[in-house]
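Asker: Turn this into a structure:
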Amino acid sequence: MAEKIYPTTVPTRVAFIGLGTMGYPMAGHLKRAGHDVCVYNRTTAKAEKWVEKFGGTMAATPREAAEGARIVFACVGNDDDLRSVVLGDDGALAGMSAGSMFWDHTTASAHVERDLAKVAAEKGVAWVDAPVSGGQSGAENGTLTMLCGGEELACNLGRPIVMSYAAAVTRMGDTGAGQLAKMVNQICIAGCVQGLAEAVAFGMNAGLDMEKVIDAIGRGAASSWQLVNRGKTMAEGKFDFGFAVDWMRKDLGIVMEEARRNGSQLPVTELVDRFYGEIQAEGGNRLDTSSLILRLPRKARQSS
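Answerer: Residues are numbered from 1 along each chain as shown. Sure thing, here's the model as predicted:
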């Protein structure tokens with residue numbers, strides 16, 4: 001893939017909270033784009049490793065990281081993790097000034113975003129919920145798709161900076177709309193991966209050369225990101241990359257909670273969530289989501 005071309009922006013003081021699989025490279029792109037980046041991570045060794053690789057600085061608390069930052073970014077695990085790094089005496093909001101912005105890349109519930117946005121507004125801080133899609137490879141290559149909820153002005157002001165690690169940034173509506181759009185994304189992925197798992201297993205059992213099949217149908221109506229990027233590795237039994245089952249189940253839990261709230265019926269999503277539970281029960285918590293195929297009988301192709 002071509003080297004990331006960074007947008008021309010004025011160097012800006014920013015903070016990044018959460019250096020996990022996604023946050024670590026995302027913060028790195030900000031530094032490579034020329035911004036003054038201070039990071040915080042619950043595990044200090046990870047922050048030290050980041051500073052050694054990219055430069056920048058690290059802080060002992062989210063509050064210290066946020067002090068003086070024009071934008072504070074976060075990418076943590078769940079609603080509770082988000083609250084813990086935002087609220088309280090050592091939380092990011094305690095160190096933020098009026099006129100600054102908080103961009104949250106966590107995949108979280110819409111209601112936690114709305115609640116925290118209200119607290120931020122009391123300090124004059126603009127809040128944008130901005131979950132991302134594109135997985136680990138998208139974060140590393142700076143090609144993420146970002147779905148934003150929040151005031152239009154805040155989204156517009158932050159867009160040139162987040163383009164350091166995104167290929168597309170779209171405002172979906174008011175606070176919470178970004179998370180709701182991400183839920184739509186996860187519903188689509190759940191059904192797509194299950195369908196792909198069944199198709200690949202079927203093809204293997206039929207004795208087809210699945211590499212050839214995937215190359216062919218990948219140019220037709222059956223094509224998808226999942227087929228192109230995960231179809232062949234499914235057939236090869238490789239699941240040591242990408243988006244982990246544990247994370248997908250967390251996301252689908254958020255989806256189904258929101259579905260109960262808004263009256264949606266998600267029979268396929270609920271079924272796939274149970275299938276992922278079976279993968280977890282067999283110890284596949286950290287396998288890629290394409291590991292759904294492990295539930296299905298499949299035969300190795302005989303050489304002809």
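Asker: Only the buried residues of stretch 39-58, if you could.
Answerer: By neighbour count on 16 or more other Cβ atoms under 10 Å, the buried set for stretch 39-58 is 39-42, 46-47, 50-51, 54, 56, 58. Any C-beta I mention is one placed from the backbone N, CA and C, and that applies to glycine too.
Asker: Can you give me the end-to-end span of it?
Answerer: Terminal residues of stretch 39-58 lie 5 Å apart, using Cα to Cα, to the nearest Å.
Asker: again with stretch 151-170
Answerer: Termini of stretch 151-170 sit 12 Å apart (Cα to Cα).
Asker: Equivalent analysis for stretch 10-28, please.
Answerer: End residues of stretch 10-28 are separated by 17 Å (Cα to Cα).
Asker: Could you list the low-pLDDT ranges of the protein?
Answerer: Within the chain, the segments meeting pLDDT under 70 span 1-2, 302-304.
Asker: longest helix of it?
Answerer: helix 177-205 (DSSP state H).
Asker: Look at residue 7 and tell me its secondary structure.
Answerer: coil (DSSP: H, G, I helix; E, B strand; the rest coil).
Asker: ok, it to residue 277 distance?
Answerer: 42 Å (Cβ to Cβ, to the nearest Å).
Asker: And the longest helix of the chain, how far out from the chain middle?
Answerer: Put simply, helix 177-205 sits 16 Å off its chain's centre (Cα atoms, centre = their mean, to the nearest Å).
Asker: In it, which residues are buried?
Answerer: 177-183, 185-187, 189-190, 192-197, 199-201, 203-204.
Asker: Equivalent analysis for stretch 22-41, please.
Answerer: 22-33, 35-41.
Asker: swap in stretch 70-90?
Answerer: Result for stretch 70-90 [16+ other Cβ under 10 Å]: buried residues 70-79, 81-87.
Asker: From one end of it to the other, what's the distance?
Answerer: Using Cα to Cα, the end-to-end distance of stretch 70-90 comes out at 18 Å.
Asker: any residues touching stretch 145-158, and which ones?
Answerer: For stretch 145-158, contacts defined as Cβ atoms under 8 Å, 6 or more residues apart in numbering pick out 71, 101, 103, 105, 110, 113, 117, 126-134, 138, 162, 166-182, 185.
Asker: ok so, going back, just the buried residues of stretch 22-41: which are in helices?
Answerer: 23-32.
Asker: hang on, the earlier thing: of the contacts of stretch 145-158, keep whichever come out buried.
Answerer: Using 16+ other Cβ under 10 Å, the buried ones in the contacts of stretch 145-158 are 71, 101, 103, 105, 110, 113, 117, 126-134, 138, 162, 166, 169, 171-172, 175-182, 185.
Asker: ok so, going back, now for the buried residues of stretch 39-58: which two are most distant?
Answerer: Farthest-apart pair in the buried residues of stretch 39-58 is 42 and 54; separation 18.5 Å (Cβ to Cβ).
Asker: which strand is the longest one in this protein?
Answerer: strand 166-173 (DSSP state E).
Asker: quick one: the helices in the stretch 101-250 of the chain?
Answerer: 110-122, 135-141, 152-162, 177-205, 210-217, 225-236, 245-262 (DSSP state H, counting those that start in this stretch).
Asker: Out of the ones you listed, which is closest to residue 297?
Answerer: Closest to residue 297 of those, according to Cβ to Cβ: helix 177-205, at 7.0 Å.
Asker: Which strands and helices lie in contact with the closest one?
Answerer: helix 110-122, strand 126-129, strand 144-149, strand 166-173, helix 210-217, helix 225-236, helix 245-262, helix 267-281 (3 or more Cβ pairs under 8 Å, 6 or more residues apart in numbering; DSSP states H and E).
Asker: Single out the most deeply packed of those.
Answerer: With neighbours taken as mean count of other Cβ atoms under 10 Å, those reach their highest mean count in strand 126-129, at a mean of 27.
Asker: helices or strands up against it?
Answerer: By 3+ Cβ pairs under 8 Å, 6+ apart, strand 126-129 packs against strand 101-104, helix 110-122, strand 144-149, helix 152-162, helix 177-205.
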